[in-house]
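[1] Give me coordinates for this.
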Amino acid sequence: MKSNLLKSFRLTLVFCVFFSVFYIFVLWLFAKVAGPNGGNAEIAVLDNGKVVGGANVGQNFTKDIYFWGRPSCAGDGYDATSSAGSNKATTNPEYLKEVERRIDTFLVKHPYLKREEVPADIVTASASGLDPDISVASAYVQVKRVAEARGMSEEAVKAIVEKVKQGPLWGMFGPSKVNVLKLNMALDEKAD
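    The predicted structure follows:
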């Protein structure tokens, strides 16, 4: 019995060292080498030095002059301290009602769209609830609203979307996307 207890203790010690030191170091190293920005946060700063947010964390834009990001289930709207999804299945009646409500709200500000033209990501929350990016399709369907609100041509706004658009990770993983904070900052710079 004593030898079994000693073996168990040694195995526990080995796993504690492995998972609390080695494994975390490997993940950190992978993020530094392979991750965007070396695994670090990307702070968005205006020309005057004012920090306006983190490009890695979604923010709640509601004005018509700005592109809107994905809905958030994190706390009371984009609360980074409560990052989480709703954990509701896509077949959950409450979830379906919430998505329908979001579509209706989106269509009020985008009356030129048909219901089936609303991209799924603009009315569904991400797993973290803090997704900073939207699909290119979600950006394009908002171009007309933003252009009208800013008094700009749709072509000028679309050109800014194209400038800010990011391709797939390493050119092959995932779809192209648009960072909402960077896009809205680029619009504000163009307006100045």
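[2] quick check: domain ranges of the chain?
    1-40, 41-191 (automatic domain parsing).
[3] weakest of these in terms of mean pLDDT?
    Of all those, mean pLDDT reaches its minimum on domain 1-40 (a mean of 82).
[4] deepest of the domains of the chain, which one?
    domain 41-191 (a mean of 16; mean count of other C-beta atoms under 10 Å). All C-beta spots, glycine's among them, are computed from the backbone N, C-alpha and C.
[5] how far out from the middle of the chain is that one?
    Computed by C-alpha atoms, centre = their mean, to the nearest Å, the chain-centroid distance of domain 41-191 equals 8 Å.
[6] Could you do stretch 9-26 as well?
    33 Å.
[7] could I get it in PDB with only the CA atoms?
    C-alpha atoms of stretch 9-26 as PDB (Å, rounded to 0.1, in the frame of the first residue of the first chain):
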ATOM      1  CA  PHE A   9       2.200  11.000  -5.100                       C
ATOM      2  CA  ARG A  10       5.000  11.000  -7.700                       C
ATOM      3  CA  LEU A  11       2.600  10.800 -10.600                       C
ATOM      4  CA  THR A  12       0.600  13.700  -9.100                       C
ATOM      5  CA  LEU A  13       3.700  15.700  -8.700                       C
ATOM      6  CA  VAL A  14       4.800  15.000 -12.300                       C
ATOM      7  CA  PHE A  15       1.400  16.000 -13.700                       C
ATOM      8  CA  CYS A  16       1.300  19.200 -11.600                       C
ATOM      9  CA  VAL A  17       4.700  20.300 -12.900                       C
ATOM     10  CA  PHE A  18       3.800  19.300 -16.500                       C
ATOM     11  CA  PHE A  19       0.400  21.000 -16.600                       C
ATOM     12  CA  SER A  20       1.300  24.100 -14.500                       C
ATOM     13  CA  VAL A  21       4.700  24.800 -16.100                       C
ATOM     14  CA  PHE A  22       5.600  22.900 -19.200                       C
ATOM     15  CA  TYR A  23       2.200  22.800 -20.900                       C
ATOM     16  CA  ILE A  24       1.500  26.500 -20.200                       C
ATOM     17  CA  PHE A  25       5.000  27.400 -21.500                       C
ATOM     18  CA  VAL A  26       4.300  25.500 -24.800                       C
END
